[in-house]
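S.K.: Pasting a predicted model and its sequence here:
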Amino acid sequence: MSIEFHCENCGKFLKTSDDKAGRRGTCPECRAPIVVPAPAGSFQEESSSWHGIESADDYEQRDPGEHRYASRKRSSTCPMCGAENGPSAAQCSHCGEELQPGHDRTRRGEDGNVLIFSQIFDQTVSRFESNIGLCIGGVLLGFIMMFFAVVFLQMFLVIVGTGLIALLRNPGDLGAVILAIFFLGILAIVLLNCWLILGLNRFLLSLARFGRASIADLFSASLSMLGRMILTTLLFGLLAGGVMLGTMIFIGVAAANSPILILLSVLIGFILYLMLMLTQWCYPYVIVDQNPPGLGALTTTFRLMSGNYLTMFLILLCVGILNFFGAMMFGLGLLFTLPFGMLMLAVAYDQMTHSDAG
């Protein structure tokens, strides 16, 4: 006799022998903790043993498409555009349609799960080893697209700028038109790169969370995500500028009083600016994962980072050291260290937002 059940986190269909009822283990698909339920019709209590099922080999796995429970779907279809979304998605990632009315999309990870460096590093190594080609290829393709987007648009702006200079020397009716095209070109560079960054983050988050991704994820960011990315980036820029301006003002005031106050002002300003920089990496993941309305990405980002600044500093320091050594290997090492480091950030976000409650 066997027990058939689904992983509560990712919906993976699993099958194991009935003698393992009540045991604990990890899902072979998403590595989330699971408990094997009792056989149907049995009143057997869960065992308190932690010996568990130690590997994916203990399970018989089926294609999830062969067997679905109505209460545990692997995906939800948007009624507006027909796009497939995650089983717990509250909003369609393609058109923004509400999939779970009344659901608080910013609640996931609200308790601020504590980051554990060793777990993040081990999970990153596992994901990277099993998807090394896809991870390197996806990140490389994303950076190539961003590079050529900037290069071609800058060439276009140079041509337009040259024409603008010529018109300024001999003003004509086309001056205002060329000036408008010049600024539209700058806006296009910003928008295109933000869209590509969102797609790359979505690709990496899929690898971190599910151990699989598609190159199509690089092009999957919606217009609503792009708008919120621009808004949140501007707000972060204003916050960073405000911190720097406030620090300079305090330094100016302290200069007339005491050198100790100058040092204190610099220290406080540096700490606040560092906290902003340690937080800034997170909000694109919040947008592609939850796409909260309004300022939700900003507030959720600060809430997730609460209590995790020190660990995040260690993670970013580790990423920086890895990329430094990658650059020292004639730059070739960056082909491995850069995707690994970016995947590590995605794993960190996934750990912060992981909820046993689903």
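M.R.: Received, thanks.

S.K.: Tell me which helix or strand in the chain has the weakest average pLDDT.
M.R.: Here the helix or strand of the chain ranked lowest by mean pLDDT, DSSP states H and E is strand 60-61, holding a mean of 43.

S.K.: Check the spacing between the closest residue to Gly161 other than its chain neighbours and Ala254 real quick.
M.R.: Once flanking residues are discounted, Gly161 sits nearest to Phe182: 6.1 Å by C-beta to C-beta, 6 or more residues apart in numbering. Glycine gets a C-beta too; all of them are placed from N, C-alpha and C. Phe182 is 43 Å from Ala254, where distance means C-beta to C-beta, to the nearest Å.

S.K.: likewise Met145?
M.R.: Per C-beta to C-beta, Met145 is found 47 Å from Ala254.

S.K.: Now do the longest helix along the chain: which elements does it pack against?
M.R.: Ranked by number of residues, the top helix in the chain under DSSP state H is helix 132-169. Judged by 3 or more C-beta pairs under 8 Å, 6 or more residues apart in numbering; DSSP states H and E, helix 132-169 is in contact with helix 175-210, helix 334-353.

S.K.: could you point out which element follows the longest one?
M.R.: Counting by DSSP states H and E, the element after helix 175-210 in chain order, helix or strand, is helix 223-255.

S.K.: Show me what that next one is packed up against.
M.R.: Helix 223-255 packs on helix 175-210, helix 259-280, helix 283-289, helix 296-305, going by 3+ C-beta pairs under 8 Å, 6+ apart.

S.K.: Just name the most buried of those.
M.R.: Highest mean neighbour count of the helices and strands packed on helix 223-255: helix 283-289, a mean of 27 (counted as mean count of other C-beta atoms under 10 Å).

S.K.: just to revisit the earlier point, buried ones in the longest helix of the chain?
M.R.: Residues 134-136, 138-139, 142-143, 145-146, 149, 153, 157, 160-161, 163-164, 167 are the ones in helix 132-169 that count as buried (16 or more other C-beta atoms under 10 Å).

S.K.: okay if I get the helices and strands packed on helix 132-169 as CSV plus mean pLDDT and distance to Ile262?
M.R.: Listed next are the helices and strands packed on helix 132-169 as CSV, based on pLDDT from 0 to 100; distance: least, C-beta to C-beta, whole Å:
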stretch, mean pLDDT, distance to Ile262
helix 175-210, 85, 37
helix 334-353, 94, 35
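
S.K.: Adding distance to Val114, write those out as TSV.
M.R.: Putting these into TSV (distance: least, C-beta to C-beta, whole Å) gives the following:
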stretch	distance to Val114
helix 175-210	17
helix 334-353	8
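
S.K.: mind checking which of the ones you listed is nearest Pro284?
M.R.: Of all these, it is helix 175-210 that lies closest to Pro284, at 4.7 Å by C-beta to C-beta.

S.K.: Now for the residue nearest to Arg202 when sequence neighbours are not counted: which residues touch it?
M.R.: Computed as C-beta to C-beta, 6+ apart, the closest residue to Arg202 that is not its neighbour in sequence is Val288, at 4.2 Å. Val288 makes contacts with Ser93, Leu198, Asn201, Arg202, Leu205, Ala221, Met225, as judged by C-beta atoms under 8 Å, 6 or more residues apart in numbering.

S.K.: Thr16 and Ser2 touch, don't they?
M.R.: Yes: Thr16 is within contact range of Ser2, at 6.6 Å (criterion: C-beta atoms under 8 Å).
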